[in-house]
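Asker: Need coordinates for the following:
(one chain, ligands or ions: 1)
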Amino acid sequence: MNNSRTTITQFMIEEQRKIGASGDFTSLLNDIVTACKVISNLVNQGDLIGVLGTAGSENVQGETQKKLDIITNDVFIESNEWAGHCGAMASEEMEEIYEIPAKYPRGKYLLVFDPLDGSSNTDVNVSVGTIFSVLRVADGVENPTAEDFLQPGTTQVCGGYALYGPSTMMVLTTGNGVNGFTLDQNIGEFVLTHPSLSIPEDTREFAINSSNMRHWEAPLKRYVDECLEGSTGPRGEDFNMRWIASMVAEVHRILMRGGIFMYPIDEKMKGKGTEGKLRLMYEANPMSFIVEQAGGVCSTGRERIMDIKPKDLHQRVPVIMGSKNEVERVVAYHKEG
Ligand code: AFP
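Answerer: The predicted model follows:
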């Protein structure tokens, strides 16, 4: 039993003191934390409160929305619109940005979120999560537009996720390392349990949806083929494979014990004119910020994810992230062609 507890609020206030910040960001984070606690509770109650199943609508990505996609999106907005910290919000579930209603003050941060990533897993009771990213409103902008959100990942003030698994956890970075907090259900607070997370540089575990293998580009096929050949192939070692279809759970595993996660571009996507499956602003950028801060590497195979200047709020990108030496190997295979 751990009696010396640092709550997420205490942790953030102490960080804020070190850099002499105003407290605005800490207050925003508090509202995000509240939203994630509400979502954790909804996900946990599931069918007891009738929130599972599809809503009968599609989101901007053309994906069937779950009831929980819509409910959790509303929870995030309601928790973050009133306090005067946000200038505007953007969600994977909404085509347009969310403007802060005129009755509330507008703040200096832009909040970007995927309220329930991996939501197709909710009906089968597998871990899901919330992903969020905080950007700054540019100086002099009073009424942010979608254009103001189109900043590369390197400008993020914070990247974080909440994981709704056997425990509810929150993992975040503000550019000074990565820390993990576990929700203590008895006191209703996230408590620091995983300080200064770091991803091992080497791994023998990879995660990819290999049902898409026949559509992959040659460098990706080569990498996965070599892993599958194991001790009898060029790598000379056996590899393990995982696929949860829930990016938050996947990235969390990599933070805990290393690994490489890949959702690469494939011929099928190219045919449809997209550049990948995962969304740059809602998934790839915040996760890249976390993974890089923990010593990992994140790339599309051709460029660093956080260097991409977004062209569109809902842009998709190929994602290869995790343990440094494996991601660098995949990038090297892309260079060789
Ligand atoms: P959903 O939110 O629609 O379940 O998508 C989850 C996700 O964006 C990401 O979390 C997974 O890694 C990936 O998609 C799974 O994709 P596949 O179903 O194609 O394997």
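Asker: Please count neighbours and contacts with C-alpha atoms only from this point.
Answerer: Will do.
Asker: now the strands for the stretch 51-200 of the chain?
Answerer: Ranges of strands in the stretch 51-200 of the chain, per DSSP state E, counting those that start in this stretch, are 54-58, 64-66, 86-91, 98-99, 109-117, 128-136, 158-164, 168-173, 178-184, 189-194.
Asker: would JSON lines of these with mean neighbour count and distance to Gly236 be doable?
Answerer: Listed next are the strands of the stretch 51-200 of the chain as JSON lines, based on neighbours: other Cα atoms under 10 Å; distance: least, Cα to Cα, whole Å:
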{"stretch": "strand 54-58", "mean neighbour count": "13", "distance to Gly236": "46"}
{"stretch": "strand 64-66", "mean neighbour count": "19", "distance to Gly236": "43"}
{"stretch": "strand 86-91", "mean neighbour count": "25", "distance to Gly236": "44"}
{"stretch": "strand 98-99", "mean neighbour count": "18", "distance to Gly236": "52"}
{"stretch": "strand 109-117", "mean neighbour count": "26", "distance to Gly236": "36"}
{"stretch": "strand 128-136", "mean neighbour count": "25", "distance to Gly236": "35"}
{"stretch": "strand 158-164", "mean neighbour count": "27", "distance to Gly236": "35"}
{"stretch": "strand 168-173", "mean neighbour count": "24", "distance to Gly236": "35"}
{"stretch": "strand 178-184", "mean neighbour count": "21", "distance to Gly236": "33"}
{"stretch": "strand 189-194", "mean neighbour count": "20", "distance to Gly236": "33"}
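Asker: For Gly322, which of those strands is the nearest?
Answerer: Checking those against Gly322 by Cα to Cα gives strand 178-184 as the closest, at 14.0 Å.
Asker: export that closest one as PDB, just CAs?
Answerer: This file holds the C-alpha atoms of strand 178-184, laid out as PDB (Å, rounded to 0.1, in the frame of the first residue of the first chain):
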ATOM      1  CA  VAL A 178       6.600  11.300 -19.400                       C
ATOM      2  CA  ASN A 179       4.700  10.500 -16.200                       C
ATOM      3  CA  GLY A 180       1.900   8.000 -15.600                       C
ATOM      4  CA  PHE A 181      -0.900   8.300 -13.000                       C
ATOM      5  CA  THR A 182      -3.300   5.600 -11.900                       C
ATOM      6  CA  LEU A 183      -6.900   6.500 -10.900                       C
ATOM      7  CA  ASP A 184      -7.500   5.600  -7.300                       C
END
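Asker: other SSEs contacting it?
Answerer: Judged by 3 or more Cα pairs under 8 Å, 6 or more residues apart in numbering; DSSP states H and E, strand 178-184 is in contact with strand 168-173, strand 189-194.
Asker: Could you list the residues in contact with the last one?
Answerer: It refers to strand 189-194. The contact list for strand 189-194 (Cα atoms under 8 Å, 6 or more residues apart in numbering) reads 5-8, 11, 169-170, 179-184.
Asker: Could you double-check that Ser57 lies in contact with Lys67?
Answerer: No: the pair Ser57 and Lys67 fails to qualify as a contact (Cα atoms under 8 Å) at a distance of 9.1 Å.
Asker: does the ligand sit close to the lowest-mean-pLDDT helix or strand in the chain?
Answerer: None of the helices or strands of the chain scores lower by mean pLDDT, DSSP states H and E than strand 54-58, at a mean of 83. No: on the criterion Cα under 6 Å from any ligand atom, strand 54-58 is out of touch with the ligand, staying 11.0 Å away.
Asker: so what secondary structure elements neighbour that strand?
Answerer: Here strand 54-58 touches strand 64-66, helix 67-80, going by 3+ Cα pairs under 8 Å, 6+ apart.
Asker: okay, those in TSV with mean pLDDT and distance to the ligand next?
Answerer: Output for these, formatted as TSV (pLDDT from 0 to 100; distance: least, Cα to the nearest ligand atom, whole Å):
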stretch	mean pLDDT	distance to the ligand
strand 64-66	85	8
helix 67-80	96	9
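Asker: TSV for the ones you listed, including distance to Gly87?
Answerer: Output for those, formatted as TSV (distance: least, Cα to Cα, whole Å):
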stretch	distance to Gly87
strand 64-66	26
helix 67-80	10
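Asker: and Asp225, which of these is closest to it?
Answerer: Nearest of the helices and strands packed on strand 54-58 to Asp225, taken as Cα to Cα: strand 64-66 at 33.0 Å.
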